[in-house]
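**Student:** show me the folded form of this:
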Amino acid sequence: MVTDEQLLANYVRGDQSAFADLVGRYQQEVFAFLARFVSDSSIAEDLFQETFAQVHRSAKSFDADRRFRPWLFTIAANKARDHLRSTGRRMVQSLDNVTVPGDATTFLDLMQSDAPPPHEELSAAEETGRVQAILAELPPLYREVLLLSYFHQFPYKQIAEMLHVPLGTVKSRLHAALAIFAKRWEAAYGPRQNETGAR
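**Tutor:** Below is the predicted model:
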């Protein structure tokens, strides 16, 4: 199987189908991350497109010694944080812009996929919206580390690198996030069994 890093390298060399393959691989997971982060599926769809627009713009500068998935989620997390901080209009690259001068293919063309809309699978997987409701109440810095660790299974060390914070900060934020989540869940819905685990 072609790795994510190889697909990105292929895209940089001109294979536009490689970009579509990357979008297809991460469509569900990145959308789910963004939807939980910003608590709005329609905004998450916009942020998803912005995330891959950034991947497109930054593909040539990607460090081949890095892993693609943490890099992608770092971009997605930055987009979500920027949105939450924003109180005005955001400047967004038009998805109708051509990808390469002289090439009629637009960025939006590269993002076309036969996969079902990601929000369909996400909504079916959520526990009747309760998890999302509690996540939405968490401060963004706690919500972010909880999503990356528990929902998307990134190791603590990798999260620290993604967020540019010390490892101890990741652990303390996660501890606080879990405590707040558990307290609010119990207050709203009663005791809950822990169904996830950390690394």
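
**Student:** neighbours of the residue lying closest to A177 once chain neighbours are set aside, how many?
**Tutor:** Using C-beta to C-beta, 6 or more residues apart in numbering and skipping the chain neighbours, the partner closest in space to A177 is Y142 (3.7 Å). Glycine gets a C-beta too; all of them are placed from N, C-alpha and C. A count of nearby residues for Y142, using other C-beta atoms under 10 Å, gives 20.

**Student:** might one say that Y142 is in contact with R184?
**Tutor:** No. In this structure, Y142 is not within contact of R184 by C-beta atoms under 8 Å, at 11.3 Å.

**Student:** next structured bit after whichever strand or helix holds R25?
**Tutor:** Element membership for R25 (DSSP states H and E) is helix 16-38. Using DSSP H and E, the helix or strand that follows helix 16-38 towards the C-terminus is helix 41-58.

**Student:** domains of the chain?
**Tutor:** The record's domain parsing of the chain by automatic domain parsing lists 1-124, 126-199.

**Student:** could you tell me the least trusted of those domains?
**Tutor:** Lowest mean pLDDT within these: domain 1-124, a mean of 78.

**Student:** who touches the helix or strand in which A182 is found?
**Tutor:** Assigned by DSSP H and E, A182 falls within helix 167-189. With C-beta atoms under 8 Å, 6 or more residues apart in numbering as the contact definition, helix 167-189 has outside contacts at 130, 133-135, 137-138, 141-143, 145-146, 149, 156-157, 159-160, 163, 192, 198.

**Student:** buried residues, that helix. List them.
**Tutor:** For helix 167-189, a neighbour-count test (16 or more other C-beta atoms under 10 Å) marks 170-171, 173-174, 176-178, 180-181, 185 as buried.
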